[in-house]
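*Asks:* The sequence and its predicted three-dimensional model are supplied below.
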Amino acid sequence: MPLILFVYTTVMAIYFLPRNTEVGVAEKWLTLAGSYVIILLLWYVLRKKEQLEDKRRRELEDMKRTDREERER
């Protein structure tokens, strides 16, 4: 998802920024930089969420395995 947003933002910036004469150059670049920061934060949060899900999955598998081992004894 972040990759799609990055590509979309880049394409829109390439197309619209040169044509927009109503705002200043600094505002254009700050808006683009802000968009990239938001996309980077989204990528980071999603990455951490995936890592947490993997950790929980491993812990659950370990708990199931130890329960089976205890019942077999």
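*Replies:* Sure thing, it's come through. Residues are numbered from 1 along each chain as shown.
*Asks:* State the number of residues packed around A13.
*Replies:* Neighbours of A13 under the rule other C-beta atoms under 10 Å: 16. Bear in mind the C-beta positions are built from the backbone N, C-alpha and C, glycine included.
*Asks:* what helix or strand does the closest residue to it other than its chain neighbours sit in?
*Replies:* Leaving aside its sequence neighbours, A13 sits nearest to L32 (C-beta to C-beta, 6 or more residues apart in numbering; 5.2 Å). According to DSSP states H and E, L32 maps onto helix 25-72.
*Asks:* Can you mark which positions in the host helix or strand of Y15 are buried?
*Replies:* Y15 belongs to helix 2-16 when assigned by DSSP H and E. Going by neighbour count (16 or more other C-beta atoms under 10 Å), the buried part of helix 2-16 is P2, F6, T9, A13.
*Asks:* List the contacts of the residue nearest to the spatial centre of the chain.
*Replies:* Nearest to the mean C-alpha position of the chain, counting by C-alpha atoms, centre = their mean, stands W43 at 1.8 Å. Residues counted as contacts of W43 (C-beta atoms under 8 Å, 6 or more residues apart in numbering) are P2.
*Asks:* now swap in the one 3 residues further on and tell me
*Replies:* Residues counted as contacts of L46 (C-beta under 8 Å, 6+ apart) are M1, P2.
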